[in-house]
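Student: got a predicted structure plus its sequence, pasted below:
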Amino acid sequence: MIQKKESTGQSLNSRVLPKSFYIRDDVLQISRELLGKYLVSNIGGKITSGMIVETEAYRASDDKACHAYNNRRTKRTEVMFQEGGRAYIYLCYGIHHLFNVVTGPEDNAQAVLIRALQAEDNLPLMQQRRGIQRMGPQLSAGPGVLSKALGITKLLSGVSLLEGQSPIWIEDRNKVISDEEILASPRVGIDYAEECVDWPWRFRIKGSKWTSK
DNA sequence: CACGGGATCGTCT
DNA sequence: GACGATCCCGTGT
């Protein structure tokens, strides 16, 4: 039985990913390594979490699908240029809050979009936030819905994932995902990205029922 | 199950 | 003023 610490909800046999994980200059490798890690939120003392089963990589230097392509710094994208280990969260289609992990060294904008979770902790609260009757992958399979399930909004964009009092962090719970279990394919919804459209920068755990459509 | 369209608004041109 | 790194529901099969 896993014991929970009152203050953070972090399991005793897990560890919060350290800054050294995030600041590496390799968003593709980090996207792969995030599979099997646990995204956890603490909103008003309420812990919810899920295992990451789908990610997408974005990189400003050469990727036309990235909001910061061509090193475009705006108020919205500024956080992507900071040192890795923060949240980049933005509003999509006026409705959905999409959660990204900023990676890489300062001034080298890279980020990983978390696209789907296998729900783990506090399913009833996640279900309540989603407003759905039936439990199933629709709870947290999809970048917009997983944010809703975890109570994450763009108001949290820029927060550190490393501080003890962070509302969001990522844990290693000793789940191992081998390269053979990872399916790489083109990213979703980036038709405008010209020659980058077909780059296999979307990563999924093979066979997971919790990946997005 | 596949497809089509509406929702809804911050962000950038 | 146009358009999304999406989701859900309705329709038809």
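Tutor: Good, I have the coordinates. Remember, predicted model here, so these are calculated numbers, not experimental data.

Student: how far away from the center of its chain is stretch A:124-144?
Tutor: Distance, stretch centre to chain centre, for stretch A:124-144: 17 Å (C-alpha atoms, centre = their mean, to the nearest Å).

Student: now stretch A:85-92
Tutor: The chain centre lies 9 Å from the centre of stretch A:85-92; the measure is C-alpha atoms, centre = their mean.

Student: which parts of it are buried?
Tutor: A:85-89 (16 or more other C-beta atoms under 10 Å). Quick note: C-beta positions are derived from backbone N, CA and C, even for glycine.

Student: could you dump these to JSON lines with pLDDT?
Tutor: Below are the buried residues of stretch A:85-92 laid out as JSON lines (pLDDT from 0 to 100):
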{"residue": "A:Gly85", "pLDDT": "98"}
{"residue": "A:Arg86", "pLDDT": "98"}
{"residue": "A:Ala87", "pLDDT": "98"}
{"residue": "A:Tyr88", "pLDDT": "98"}
{"residue": "A:Ile89", "pLDDT": "98"}
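
Student: ok, so of those, who is nearest DNA strand B?
Tutor: Nearest to DNA strand B among the buried residues of stretch A:85-92 is A:Ile89, at 9.3 Å by C-beta to the nearest atom of the strand.

Student: helix/strand/coil for that closest one?
Tutor: Put simply, A:Ile89 is strand when judged by DSSP: H, G, I helix; E, B strand; the rest coil.

Student: tell me how far it lies from A:Val176.
Tutor: 28 Å (C-beta to C-beta, to the nearest Å).

Student: also A:Glu56?
Tutor: Per C-beta to C-beta, A:Glu56 is found 22 Å from A:Val176.
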